[in-house]
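1. Predicted model, plus sequence, below.
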Amino acid sequence: MAGWRKIVTIITLSMTPPKNIRRIGVLTGGGDCPGLNAVIRAVTKTAILQYGIEVVGIEDGFQGLIDDRVRPLTSRDVAGILVRGGTILGSNNRCNPSKYHVGNDEHGAPIFRDMTERCVETAKRHRLDAIIVIGGDGTMSAASHLVDKGLNIIGVPKTIDNDIVGTEISFGFLTAVATATDALDRLHSTADSHHRVMVCELMGRNAGWIALTAGVASGSDVILIPEIPFDFNPIFAFVNDRMSKGPGFAIVVVAEGAKQKSGEQIVARIDPTSPDPIRLGGIGAFVAKNIEKACNVETRTTVLGHIQRGGPPIAADRILATHFGYHAILTLMAGGHNRMVVRENNIFSDVDLLHAAGKQRLIPIDHGLISAGRAMGTCFGDSVPHLHFSKSKPAVVV
């Protein structure tokens, strides 16, 4: 079929499972994400139907290993979950077994304890020969400590931020982009009607993949991403041109990790008890305030927030998540030990689990989508695009 590229798998398949793989666990760590249930379904059905392996679900991420909250998963348990958002197992983005928050001291300082041995005990108690860990870079980093204790971990990359090193795409990203694009389309009509500047803050942490992709998809006028520190002066000049010579409105997309050339990222709060203590947020309101003051134009801010992470996955993410879950089992059955399944150049393979731990995949500043945006007059906050607005001449009545 024209337009579809061939998908290649680089894995040595073994139809007979290794004798030491009889029962596996699966958990979802970090933030929720569209497509998690699709991975759980693919892992469970492939393991049971193809290889006769027992599968158990570990509830609420690594917390389930610490508290011994494990339950059997059957093909019936995962029937019908492909279309559902979230995760039937629950998740936890605050639990790192090697640095587990157990309370605060008399001065309010957090107290941490290493709980990896308890996780290993739970895995041994349930006779788990391997654990499929679905998560982002933080989850893979946490899993690496279990690897050090002898557990076999097969990772599946998950994040709407699309910032996991080693894979060109992670499931959940495309659904987040579709959600953000729909929101920007709706802001476009109200901005046009009221001749306003509409600023929309999107997720992504230190990477601008969602903002860039949704910004280009929606035809947004200004796209600010962490990889290109911005200067307000080009933005002011660009907005003034649009308001005085152009269509009379502007859509500004801001990634939550965007920052000025002279400044730092805006932090909403710091949680010292969390494995990821810095919570970004507030850059949208900051940008809107400065535009309104400098350009004397009514400006509004929308923070899309967790809406980007919720809801059912779109078809592309269901397919991608299914591929990842299926290939996680194939990797395990081929003798994989402490690997993470990835897709690169549309080829599914696997890399060392530690390859992705504690790293982030950022947008290259020469990325083709940035170049395409610049060519069409999009402002990225580092220069003023060359625009040629002209007022249409009144019709001559004869």
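-> Done, it's in. Numbering: from 1, shown residues only.
2. burial count for residue 40?
-> 28 (other Cβ atoms under 10 Å). For every residue, glycine as well, the C-beta is placed using N, CA and C.
3. dump the residue contacts of it.
-> For residue 40, the contact set (Cβ atoms under 8 Å, 6 or more residues apart in numbering) comprises 26, 28, 57, 73, 78, 81, 87-89, 134, 325.
4. Which ones among those residues map onto helices?
-> residue 325 (DSSP state H).
5. Pick the one among the contacts of residue 40 closest to residue 45.
-> Of all the contacts of residue 40, residue 78 has the smallest distance to residue 45: 6.4 Å, by Cβ to Cβ.
6. pLDDT weak spots in this protein?
-> The chain contains residues with pLDDT under 70 at 1-19, 273-275, 277, 387-398.
7. in it, which spans are helices?
-> Using DSSP H, helices in the chain cover 36-45, 51, 62-67, 116-125, 137-148, 173-194, 209-217, 232-244, 283-295, 315-333, 368-375.
8. what would those look like in CSV with distance to residue 250?
-> As requested, the helices of the chain are exported to CSV (distance: least, Cβ to Cβ, whole Å):
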stretch, distance to residue 250
helix 36-45, 36
helix 51, 55
helix 62-67, 44
helix 116-125, 50
helix 137-148, 34
helix 173-194, 7
helix 209-217, 12
helix 232-244, 5
helix 283-295, 8
helix 315-333, 30
helix 368-375, 15
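9. Looking at those, which is nearest to residue 108?
-> With Cβ to Cβ, the closest approach to residue 108 among the helices of the chain belongs to helix 62-67: 23.2 Å.
10. what's the spacing between that closest one and its chain's center?
-> Between the centre of helix 62-67 and the centre of its chain there are 23 Å (Cα atoms, centre = their mean, to the nearest Å).
11. Okay, buried residues for it please.
-> Neighbour counts over helix 62-67 (16 or more other Cβ atoms under 10 Å) mark 62-66 as buried.
12. cool, stretch 296-303 as well?
-> 297, 299-303.
13. about what we covered before: out of the buried residues of helix 62-67, who's nearest residue 43?
-> residue 64 (15.6 Å).
14. That closest one contacts residue 58, correct?
-> Yes. Using Cβ atoms under 8 Å, residue 64 makes contact with residue 58 at a distance of 3.9 Å.
15. Can you check which residues contact both of the two?
-> In contact with both residue 64 and residue 58: 27, 70, 89, using Cβ under 8 Å, 6+ apart.
16. any idea which of these is closest to residue 312?
-> Nearest to residue 312, judged by Cβ to Cβ, of the shared contacts of residue 64 and residue 58 is residue 89 at 16.9 Å.
17. Phi and psi next, for the closest one.
-> phi -90, psi -10 (degrees, to the nearest 10).
18. tell me the contacts of it?
-> Neighbours of residue 89 in contact, by Cβ under 8 Å, 6+ apart: 26-28, 40, 57-60, 64.
19. Excluding sequence neighbours, find me the nearest residue to residue 299.
-> Take residue 299 and drop its neighbours on the chain: the residue closest to it by Cβ to Cβ, 6 or more residues apart in numbering is residue 292, 3.9 Å away.
20. swap in residue 228?
-> residue 380 (5.1 Å).
21. how near is that neighbour to residue 234?
-> 9 Å (Cβ to Cβ, to the nearest Å).
22. More neighbours: the two, which one.
-> Neighbours were counted for residue 380 and for residue 234 using other Cβ under 10 Å; residue 380 has more, 22 against 17.
23. Phi first, then psi, for the residue nearest to residue 345 when sequence neighbours are not counted.
-> Spatial nearest neighbour of residue 345, excluding adjacent residues (Cβ to Cβ, 6+ apart): residue 168 at 7.0 Å. Main-chain torsions, residue 168, degrees, to the nearest 10: phi -70, psi -20.
24. so residue 168 makes contact with residue 348?
-> No. Counting by Cβ under 8 Å, residue 168 stays clear of residue 348, with 10.8 Å between them.
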